[in-house]
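**Student:** One predicted model, sequence on top.
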Amino acid sequence: MSQKPWYQWTSEEILQSSGTEPSQGLSREEADKRLASHGKNELAEGQSISPITLFLNQFKDFMVLVLVGATLVSGLLGEYLDAITIIAIIFMNGILGFLQEFRAERSLRALKELSAPNAKVLREGKLESIPARELVPGDLIVLESGDRVPADVRFIETTGMYVEESALTGESVPVSKHTAALEQDEIPLGDQRNLGFMGTMITRGSGKAVVVRTGMQTEMGKIADMIQNTDAIDTPLQRRLEQLGKILIIVALALTVLVVVAGILHGQEPYGMFLAGVSLAVAAIPEGLPAIVTIALALGVQRMIQRKAIVRKLPSVETLGCASVICSDKTGTLTQNKMTVTHLWLGGDVMEVTGDGYEPQGAIVKEGKPVDLHNNQMLRRLLQVSVLCNNASLHEEKQEGKRKEAAAAGVWTIKGDPTEGALVVLGAKAGLTQSSLEGLYRRTLELPFDSDRKRMSVVVEHQGGRMACTKGAPDLLIQQCAYVLWDNRVIPFTPTLKQKVAAAAEGMAKNALRVLGLAYRELKESDQQLDEPGVECQLVFIGLTGMIDPPRREVREAITKCRRAGIKTVMITGDHQTTAEAIARQLGILPQDGQAMSGHQLAAMSDDELDKRVNEVYVYARVSPEHKLRIVKSLQRMGHTVAMTGDGVNDAPAIKAADIGIAMGISGTDVSKEASSLILSDDNFATIVSAIEEGRGIYENIRKFIRYLLASNVGEIMTMFLAMMAGLPLPLIPIQILWVNLVTDGLPAMALGVDQAEKDLMLQKPRSAKENIFARRLGWKIISRGILIGVCTLAAFYIALTTASDDANTLIKAQTIAFVTLVMAQLIHVFDCRSSRSIFHRNPLQNVWLVLAVGSSLLLVLPVLYVDALRTIFKTVPLGVTDWALVLVFAGIPTFLMGIGSVLSTSGRKTAPPRKNGPKRVKPMKPVVR
Ligand code: ATP
């Protein structure tokens, strides 16, 4: 295309030169061709770590380098076999670490892919949603309020469009966009009002545009280097563990030095002692911890995806487990968002509408008899306004592969807002279809619906002139009406009549119906002010429609689950208070003594007053998005960890402020999704509860393997430390120490990371967000089990040392017994780590991965005892039955002794709470009115 800047082109020129048919868009073939020549519409990624670097990084650790150095020296001194074995073990450890980190990295990448944005594009006449990276120059895209502009585009159609471009221009106030060509040269970005730029945000209005530049050619691409530093954020837990890791290194090193000094003072040979010390340090430093934490988080996130929750920010996985309040939208999240008009109210008459779902089959009946449309001007007007003031459309989709009769019937679906869809279906049931009105009325203006205004208007031209049509929340709409249709006549809307309408709306709302009012006005020649105040005034009120929106089936159970888990559910909705209360009661959200509050009441309250009441309120109705922010903040001030859902542009601040911001995958805008930390791919409340359950499970699993790894390390250090303090010979030689570390650390810890949750996970109160990872006696367990493992290993070593008959092999045998006892003690203890109580509380075979991991660990140990060649390397002897008995008794003591102790102490307390160590169980709930 030409060199002239895009803003100087007219819409026609753009369409022509890009080869785009306005009604068709590009063909798939052409789009593929352009994708091949222009490349993907994405910004170049920063350098990612190559697998080789990742592998080499495994050997960067200081102590590992010391060990390699020391080993090489001993190799040079003639201990070839030892040196080769130690290097081989370090290498195997490196591979294990690499695999863990590689897996972690890959899962994080997959996660990023999932939250990649989509774009609505017209291809071969069909509007479809495709990944934004597949857009090509010439594509015709549709943009709506809340969308992120996916590439640089030239607008060819705009309706009240405003775009926030601060990322590029620094201008924080949204600017309006139009389609006219600009003539000047060198216009700065901020004034190129007919262009849209990648990464900017549509805050109001809608439009169509042609893509002119993609990927690195876009304005955003030009500054991509500046915005590329989107490093993966560590979760608070990861950060805390990193700090803990540093402390552990110092502690491990200090203890190792103590061990070495004590050994030398007690007559050990210095170089051998040094090598043992370095090996101990390598074994005792939990270098695998960060990778295993990442894997546990990432695998948990994968499980969440299967349960339809997409995590955008890893830290939220942790926060999810702390959620104490879920603030949820009503429509579409708690309910199905499948609206059907069931009742009408016109001039004092109540009518019923028959038929189910979106199928346009049904009738309007009054007192059991069909209403004659021809004789009812009010009903005709109501249907007319319902269909004209509407952006949804009804479609019949033929189903392939079904039986012939079914295929002929087809499935009726709605494109657009279900509330509006219900009105289109209502019209179609009475024979007033969109196509039948198309030739008669031409829309010249739209004042779009938004959750603040709670109404929508259009102006249409017809043969006789122009008409304004408005629909919206009745309580607000009647304030815009001066007249009412009554007995087929237009009469003044007196306060008495207004009260009648309000009472009728209230009656419908009590039956959980969503109520919409409809109004119109014939515009005069003199009505030239076509904006909100000019159009939405002096309207003639027509009547009310009441529609059902059934609750989602699984939500009731999810709410009960929340209550048992100490999590409060709060409904926040733009809908009428009475409707909201009725549905909240049906779902079990609103308890008998719970309160509902309207946006109006909320607005009149100070923050202090709100804080005093916020714990008692379960339903907020007729709220505007900015109220949501106040509710989140108030709940946070009262010490809650808040999960908050939202879908619109204006919900973004509340989503961002919440501890867990949740956006809707289907109905949510890009803006809300980008502000969120969690996206529900099915818009369903029950999915939030599943995500919380996963979040709690992941955190507990992290605690499980931290307990296992650290207790093991304490055990290893204790064995050596106590032996040296007691003046005994070395209980383990360096190769054995390293082998214990390799065999016990990696696989069993990873298997704990995917452990099943304990049964009562959702019967406990949420943990505090500030809780220390070692809280709930985890620290005590680590130290007590670790010391016991060390003491028992040393006891087995000592017994073997003092009772052996074969003098020549006594030390080797005792060391073999210490080596196997240490391994077995850890492999038994790993099953204990699955429970917050004791090993007897859970079926040890339930976690198949753990059984396999322990099995493979055993397979790595037994050959060391029974294969001649390995025995020479590892300096072991084969163990007989009595030796194994000694090993198993001492290996089992730390776990079984503590287990029996815990069982006895629990059964000893008759009225004791069921859990000794875990968080408090939640008290039985108050009954909820059904
Ligand atoms: P939630 O916040 O739980 O999703 P909601 O969908 O009912 O609740 P809004 O979409 O903000 O909240 O709707 C608020 C009110 O606005 C509704 O009760 C209805 O009266 C009115 N309304 C909803 N959709 C439209 C629409 N498309 N046109 C006109 N008025 C509407």
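**Tutor:** Thanks, I have the structure now.
**Student:** now the strands: where do they sit in the stretch 251-400 of the chain?
**Tutor:** 309-311, 325-329, 340-346, 349-353, 364-366, 369-370, 393-397 (DSSP state E, counting those that start in this stretch).
**Student:** Dump those into JSON lines; add distance to the ligand and mean pLDDT as well.
**Tutor:** Yep, even glycine has a C-beta here, placed from its N, CA and C like the rest. What follows is the strands of the stretch 251-400 of the chain, written out as JSON lines (distance: least, Cβ to the nearest ligand atom, whole Å; pLDDT from 0 to 100):
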{"stretch": "strand 309-311", "distance to the ligand": "19", "mean pLDDT": "86"}
{"stretch": "strand 325-329", "distance to the ligand": "4", "mean pLDDT": "94"}
{"stretch": "strand 340-346", "distance to the ligand": "13", "mean pLDDT": "95"}
{"stretch": "strand 349-353", "distance to the ligand": "17", "mean pLDDT": "94"}
{"stretch": "strand 364-366", "distance to the ligand": "21", "mean pLDDT": "93"}
{"stretch": "strand 369-370", "distance to the ligand": "27", "mean pLDDT": "88"}
{"stretch": "strand 393-397", "distance to the ligand": "14", "mean pLDDT": "85"}
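**Student:** got a markdown table for these, with mean neighbour count and distance to residue 704 too?
**Tutor:** Converted to a markdown table, the strands of the stretch 251-400 of the chain look like this (neighbours: other Cβ atoms under 10 Å; distance: least, Cβ to Cβ, whole Å):
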| stretch | mean neighbour count | distance to residue 704 |
| --- | --- | --- |
| strand 309-311 | 25 | 21 |
| strand 325-329 | 24 | 26 |
| strand 340-346 | 22 | 49 |
| strand 349-353 | 18 | 56 |
| strand 364-366 | 17 | 62 |
| strand 369-370 | 10 | 66 |
| strand 393-397 | 13 | 49 |
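**Student:** Can you add distance to residue 877 and give the ones you listed back as JSON lines?
**Tutor:** Below are these laid out as JSON lines (distance: least, Cβ to Cβ, whole Å):
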{"stretch": "strand 309-311", "distance to residue 877": "52"}
{"stretch": "strand 325-329", "distance to residue 877": "61"}
{"stretch": "strand 340-346", "distance to residue 877": "80"}
{"stretch": "strand 349-353", "distance to residue 877": "88"}
{"stretch": "strand 364-366", "distance to residue 877": "93"}
{"stretch": "strand 369-370", "distance to residue 877": "97"}
{"stretch": "strand 393-397", "distance to residue 877": "76"}
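**Student:** For residue 564, find the nearest of the ones you listed.
**Tutor:** Of all the strands of the stretch 251-400 of the chain, strand 325-329 sits nearest to residue 564, with 13.7 Å by Cβ to Cβ.
**Student:** Let me see the residues that make contact with that closest one.
**Tutor:** 334, 562, 567-573, 628, 631-632, 635, 640-647, 658, 664, 685, 688-689, 692 (Cβ atoms under 8 Å, 6 or more residues apart in numbering).
**Student:** in its sheet, what does it sit against?
**Tutor:** strand 568-572 (parallel), strand 642-646 (parallel) (DSSP bridges).
**Student:** Can you show me the CA trace of the helix or strand harbouring residue 475 as PDB?
**Tutor:** When elements are assigned from DSSP states H and E, residue 475 belongs to helix 474-477. Extracted C-alpha coordinates of helix 474-477, given in PDB (Å, rounded to 0.1, in the frame of the first residue of the first chain):
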ATOM      1  CA  PRO A 474     -38.400   0.400  35.800                       C
ATOM      2  CA  ASP A 475     -37.700   2.300  39.000                       C
ATOM      3  CA  LEU A 476     -35.300   4.500  37.200                       C
ATOM      4  CA  LEU A 477     -37.100   4.600  33.900                       C
END
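**Student:** buried set for it?
**Tutor:** Residues of helix 474-477 classed as buried by neighbour count (16 or more other Cβ atoms under 10 Å): 474-475, 477.
**Student:** try stretch 594-613
**Tutor:** Buried-residue list, stretch 594-613, by 16+ other Cβ under 10 Å: 594, 596-599, 601-602, 605, 610.
**Student:** How many neighbouring residues does residue 752 have?
**Tutor:** 28 (other Cβ atoms under 10 Å).
**Student:** er, residue 787 actually
**Tutor:** Count around residue 787 with other Cβ under 10 Å applied: 17.
**Student:** Specify the local secondary structure of the nearest residue to it once chain neighbours are set aside.
**Tutor:** Using Cβ to Cβ, 6 or more residues apart in numbering and skipping residues adjacent in sequence, the residue nearest residue 787 is residue 718, 5.5 Å away. On the three-state scheme (DSSP: H, G, I helix; E, B strand; the rest coil), residue 718 is labelled helix.
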